[in-house]
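Student: Below is the structure, and that's it, no one-letter string:
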């Protein structure tokens, strides 16, 4: 079980055996104001940019690399955003929210020794019959920043296969990736500062494509008239492995083979968007009622039996 909290943490809960005394939870990822992963939130003015929060459950799916089928992991996908303050647009003080895909290589539910204090960075000496300590907590510094990379910017070369110049199969994103929610995702040449965009729903993973919806509030200095400032909803369609555009939403930017960050995102219109809903047959229902055909192959009924 994975669950996020309003401190920007994601917890993993293991209930692998009948003995409840061996059930437990550990901090799988620390992605908010607890930037050191030590359980202490840094609430200073300078650290407001890291005040990321999770109000909605993560999605997770079993996956493996396209070019290395032995590399199996659980992909935990989630977006950050303060649901209690959706209209926040205070540039500089507003957190830069992120869309995440984090790899959990521990794909089997396991009992851990939660009292082990040897430190996860040190290979522990485990006595016969003893339980291992839980894995290290993931931090943002462990993830690849794919806000701008060769699969989202045609001016960057993928040739050297480094983290900055991402390989198409995502093999060099060892622990996962994140994308910053900034203006540059929506406008070519846009700002890399936060303008209040935030994820306020649970993502949907379908056939290797992750659909995240986000909310972009209206800048209060741009509100005209006495009506409510609704803001607008957006949907991102990202490749699970490399964060690139899985669907080309911006046909004005050229062919799909010439990538641009704006290819990844579609404007949904006014209001805070809900979750994307799967309809089967490779189709999804977007917030607002539009049905979208995706490149995902349709599903079909199958049967199985368990052999003793």
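Tutor: The structure has been received and is ready for your questions. Source: prediction; values computed, not measured. Numbering: from 1, shown residues only.
Student: which stretches of the stretch 51-200 of the chain aren't confidently modelled?
Tutor: 66-69, 90-94, 117-128, 150-172, 184-194 (pLDDT under 70).
Student: how about the strands in the stretch 201-308 of the chain?
Tutor: For the stretch 201-308 of the chain, the strands defined by DSSP state E, counting those that start in this stretch cover 204-206, 209-216, 232-239, 265-270, 277-280, 283-285, 291-293.
Student: contacts for the first one?
Tutor: Here strand 204-206 makes contact (CB atoms under 8 Å, 6 or more residues apart in numbering) with 59-61, 75, 77, 210-211, 240, 275-278, 284, 294, 296. To be clear about C-beta, it is placed using only N, CA and C from the backbone, and glycine gets the same treatment.
Student: just to revisit the earlier point, want to throw the strands of the stretch 201-308 of the chain into TSV with distance to residue 178 and mean neighbour count?
Tutor: Compiled in TSV, these are given as follows (distance: least, CB to CB, whole Å; neighbours: other CB atoms under 10 Å):
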stretch	distance to residue 178	mean neighbour count
strand 204-206	16	20
strand 209-216	11	24
strand 232-239	11	23
strand 265-270	15	17
strand 277-280	24	13
strand 283-285	23	17
strand 291-293	24	13
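Student: for residue 10, which residues make a bridge with it?
Tutor: residue 4, residue 29 (DSSP bridges).
Student: What is the neighbour count of residue 129?
Tutor: 5 (other CB atoms under 10 Å).
Student: what's the helix or strand for it?
Tutor: Remark: residue 129 resides in no helix or strand, with elements defined by DSSP states H and E.
Student: gap between it and residue 20?
Tutor: According to CB to CB, to the nearest Å, residue 129 and residue 20 sit 19 Å apart.
Student: One more: residue 108?
Tutor: To residue 20, residue 108 is 19 Å away according to CB to CB.
Student: Quick one: list the elements packing against the longest strand along the chain.
Tutor: Ranked by residue count and defined by DSSP state E, the top strand of the chain is strand 68-79. In terms of contacts (3 or more CB pairs under 8 Å, 6 or more residues apart in numbering; DSSP states H and E), strand 68-79 is packed against strand 59-65, strand 98-104, strand 209-216.
Student: Ramachandran angles for residue 109?
Tutor: The phi/psi pair for residue 109 (degrees, to the nearest 10) reads phi -60, psi 130.
Student: so what's it up against?
Tutor: Here residue 109 is in contact with 14-16 (criterion: CB under 8 Å, 6+ apart).
Student: now the strands of the stretch 201-308 of the chain as JSON lines including distance to residue 48 and mean pLDDT?
Tutor: Formatted as JSON lines, the strands of the stretch 201-308 of the chain follow (distance: least, CB to CB, whole Å; pLDDT from 0 to 100):
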{"stretch": "strand 204-206", "distance to residue 48": "30", "mean pLDDT": "94"}
{"stretch": "strand 209-216", "distance to residue 48": "19", "mean pLDDT": "95"}
{"stretch": "strand 232-239", "distance to residue 48": "23", "mean pLDDT": "92"}
{"stretch": "strand 265-270", "distance to residue 48": "25", "mean pLDDT": "90"}
{"stretch": "strand 277-280", "distance to residue 48": "34", "mean pLDDT": "91"}
{"stretch": "strand 283-285", "distance to residue 48": "35", "mean pLDDT": "92"}
{"stretch": "strand 291-293", "distance to residue 48": "36", "mean pLDDT": "92"}
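Student: Let me have the ones you listed in JSON lines, extended by distance to residue 133.
Tutor: Below are the strands of the stretch 201-308 of the chain laid out as JSON lines (distance: least, CB to CB, whole Å):
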{"stretch": "strand 204-206", "distance to residue 133": "30"}
{"stretch": "strand 209-216", "distance to residue 133": "31"}
{"stretch": "strand 232-239", "distance to residue 133": "33"}
{"stretch": "strand 265-270", "distance to residue 133": "40"}
{"stretch": "strand 277-280", "distance to residue 133": "38"}
{"stretch": "strand 283-285", "distance to residue 133": "40"}
{"stretch": "strand 291-293", "distance to residue 133": "44"}
